[in-house]
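# any chance you could fold what I've pasted below:
(one chain, ligands or ions: 2)
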Amino acid sequence: MSLSGNAVGTTAPPTSARTPLSVDELVGRLCDLPSQPTTALRVLWLADDPKCSARKLGDAVAADPALTTKALRLANSPYYGFSSRVSSAHFAVTILGTATIRSLAAMAASGLDSSHLVVPDWFWRHSAAAAAGCALLAPRFGVRPGDGFSLGLLHDLGIALFCQGDSEYASVRTEFGAALDEHERYGMDHGEAGAKVMAAWNFPAEFVEAVALHERGGSTFGLSQLLTAGDMLANLALEVAEDAVADAETVAQQLSASHEELDSWCDQVRNEADTVSQAMQQ
Ligand SMILES: [Fe+2]
Ligand SMILES: [Fe+2]
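Ligands and ions are numbered 1, 2, ... in the order given. A predicted model of the protein is given here:
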């Protein structure tokens with residue numbers, strides 16, 4: 001199933017009109033963004049073009065100072081473990097890979113990297129832990145670590161969108177979930193909202209579908225199963241799982257991993273989440 005156009009979130013309209021900007025309106029604006037020629041969008045388009053060389057993508061990143069800063073911070077973070085300093089956008093593109101550059105550009109294009117955007121305190125650490133968790137587990141699902149990293153980093157984009165459009169959501173949303181029904185309020189959950197925007201920006205169909213499904217479960221293909229496992233591992237590592245013991249059992253069983261192995265993954269993800277989230281924040 002490919003999610004494009006209006007395939008996602010076409011159910012009942014929001015039941016509450018208390019938001020200054022409706023989530024539908026917000027998602028619609030982001031879906032229309034390609035008409036605005038920002039440098040971050042140019043990077044998004046180029047990252048989508050298989051014929052685009054790393055040099056051309058590097059030129060496009062270098063044309064956007066904010067994106068360059070973010071790419072350099074991430075490339076220089078201990079997560080990538082380079083002993084020498086990465087100082088050019090072109091080298092950063094080579095180190096981070098197209099999928100991660102695409103995620104950084106998506107964050108910039110959606111305003112997610114703006115200091116004005118209010119997201120819950122835990123948002124970046126959770127996204128960074130999911131990125132580290134998905135990258136770590138990626139080979140078990142036949143996925144490249146760079147693609148896993150980018151999927152984990154962006155999978156909760158919809159939470160940021162809901163926070164941006166609805167201050168009440170921002171105030172009730174916690175790491176454990178929101179004390180309101182996203183479907184009832186917005187006609188879609190945050191996975192579907194993020195996926196809608198990513199589909200409009202031509203993210204690969206499997207990537208979009210994995211994001212759309214991640215809160216619903218029922219994953220049947222590699223990328224989607226990886227995201228479920230990586231998200232769960234992130235929550236275990238950050239010790240925010242509602243039922244950590246049951247979740248640890250599920251992850252260990254799904255991945256045929258021993259408890260010792262799971263403990264060591266949690267340590268790794270926790271450490272990497274700190275370095276990545278520091279690099280991602282202004
Ligand atoms: Fe989520
Ligand atoms: Fe998540």
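
# what about the helix or strand harbouring residue 137, average pLDDT?
Assigned by DSSP states H and E, residue 137 belongs to helix 123-137. Per-residue pLDDT values across helix 123-137 average out to 92.

# same check, this time on stretch 27-41
Averaged across stretch 27-41, pLDDT comes to 67.

# next, the distance between the ends of that stretch.
Start to finish, the residues bounding stretch 27-41 are 16 Å apart (CA to CA, to the nearest Å).

# then stretch 250-268?
Chord length of stretch 250-268, first to last residue, is 19 Å (CA to CA).

# beyond the helix holding residue 137, next helix or strand please.
Counting by DSSP H and E, the next helix or strand C-terminal to helix 123-137 is helix 145-154.

# that following helix vs helix 123-137, what angle?
Using axes from the mean of the first three to the mean of the last three CA atoms, to 10 degrees, the interaxial angle of helix 145-154 with respect to helix 123-137 works out to 160 degrees.

# tell me which parts of the protein are close to ligand 2?
Proximity of the chain to ligand 2 (CB under 5 Å from the ion) is limited to residues 156, 231. Backbone N, C-alpha and C define where each C-beta goes, glycine included.

# could I get the full set of strands for the chain?
173-174, 177-178 (DSSP state E).

# and the last one, average pLDDT?
What it means is strand 177-178. On average, strand 177-178 scores 76.

# and the first one, by the same measure?
Strand 173-174 shows a mean pLDDT of 82 in the predicted model.

# which helices and strands does it pack with?
The criterion is 3 or more CB pairs under 8 Å, 6 or more residues apart in numbering; DSSP states H and E, and the helices and strands that strand 173-174 contacts are helix 157-165.

# ok so, going back, report the angle between the axes of the helix holding residue 137 and helix 157-165?
Between the axis of helix 123-137 and that of helix 157-165 there is an angle of 170 degrees, by the same axes, to 10 degrees.

# low-confidence bits of this protein, can you list those?
1-21, 32-37, 112-117, 241-244, 282 (pLDDT under 70).

# try it again with 80
1-38, 48, 83, 109-119, 121, 175-180, 202, 217-220, 240-248, 279-282 (pLDDT under 80).

# other residues contacting the helix holding residue 137?
79, 143, 145-146, 148-156, 159-160, 175, 226-227, 229-231, 233-235, 237-238, 240, 255, 265, 268-270, 272-274, 276-277, 280-281 (CB atoms under 8 Å, 6 or more residues apart in numbering).

# and it, which residues are buried?
Judged by neighbour count using 16 or more other CB atoms under 10 Å, the buried positions of helix 123-137 are 123-137.

# and if you look at stretch 205-223?
Neighbour counts over stretch 205-223 (16+ other CB under 10 Å) mark 206-215, 219, 222-223 as buried.

# mind listing residues that contact it?
With contacts defined as CB under 8 Å, 6+ apart, stretch 205-223 is touched by 1-4, 8, 141-143, 147, 150-151, 154-155, 157-158, 189-192, 194-196, 198-199, 224-228, 231.

# how about stretch 51-59?
With CB under 8 Å, 6+ apart as the test, stretch 51-59 has contacts from 43, 46, 47, 88, 89, 90, 91, 92, 93, 94, 98, 101.
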